[in-house]
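Chemist: sequence plus the predicted model coming up.
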Amino acid sequence: MIQIHNKLFFLLLTLCLFLTETAPARAAMQDYPIVKLQSLDKVTARTMVFEAKVGSTVKFGPLYIKIQSCRKAPPIEKPESASFLQIWEITTEEKANWIFSGWMFASSPSLSSMDHPIYDVWIIDCLEGEKEETVEKSETDSNDPTPKPDNSEE
């Protein structure tokens, strides 16, 4: 009985080694200078799509979003964009509360999502180029909170 288990173990080990040696090598994700984000105000049901440079901080309502990194898989790989974001909220008492700090993935927004009762933020894509910050409003309203760059160091 022990010999059967040993043979089975050896067979499984050989199969695992064979599969790992024949698996295709994955290319490293590439850094991009701009992240494209989408936000949602759950109270008003307004969504906004905006772009921000890596290293900048944008304001959306009481939320501040610091973009630390944006990476994208090469075109030959499965499509994936990921961004490391730090998000905090300034309360009415002028206190800063951390909402989120970590990687967000475009292909799986629920894998690492921001947990906030009023606002949602998620990554759409990483972009090339040295564009100025732009905002696209899906619903225009003069009372919409517009993401604005905050150049102060946090």
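Modeler: On my side now, so go ahead. Numbers count the residues shown, from 1 in each chain.

Chemist: quick one: residue 56 from residue 108, how far?
Modeler: Distance, residue 56 to residue 108, using C-beta to C-beta, to the nearest Å: 25 Å. Where C-beta positions appear, they are placed from N, C-alpha and C, glycine not excepted.

Chemist: which one of the two has more residues nearby?
Modeler: The residue with more neighbours, out of residue 56 and residue 108, is residue 56; 15 against 11, by other C-beta atoms under 10 Å.

Chemist: wouldn't the more buried one be in contact with residue 64 here?
Modeler: No: using C-beta atoms under 8 Å, residue 56 is not in contact with residue 64; the gap is 10.7 Å.

Chemist: please enumerate the strands of this protein.
Modeler: 30-31, 34-41, 46-53, 57-60, 63-72, 81-90, 96-105, 119-127, 135-137, 148-149 (DSSP state E).

Chemist: is it possible to get JSON lines of these that adds mean neighbour count, distance to residue 112 and mean pLDDT?
Modeler: Putting the strands of the chain into JSON lines (neighbours: other C-beta atoms under 10 Å; distance: least, C-beta to C-beta, whole Å; pLDDT from 0 to 100) gives the following:
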{"stretch": "strand 30-31", "mean neighbour count": "12", "distance to residue 112": "19", "mean pLDDT": "94"}
{"stretch": "strand 34-41", "mean neighbour count": "21", "distance to residue 112": "14", "mean pLDDT": "95"}
{"stretch": "strand 46-53", "mean neighbour count": "19", "distance to residue 112": "18", "mean pLDDT": "94"}
{"stretch": "strand 57-60", "mean neighbour count": "20", "distance to residue 112": "18", "mean pLDDT": "93"}
{"stretch": "strand 63-72", "mean neighbour count": "20", "distance to residue 112": "14", "mean pLDDT": "96"}
{"stretch": "strand 81-90", "mean neighbour count": "20", "distance to residue 112": "9", "mean pLDDT": "95"}
{"stretch": "strand 96-105", "mean neighbour count": "15", "distance to residue 112": "5", "mean pLDDT": "94"}
{"stretch": "strand 119-127", "mean neighbour count": "19", "distance to residue 112": "10", "mean pLDDT": "95"}
{"stretch": "strand 135-137", "mean neighbour count": "13", "distance to residue 112": "24", "mean pLDDT": "42"}
{"stretch": "strand 148-149", "mean neighbour count": "13", "distance to residue 112": "24", "mean pLDDT": "49"}
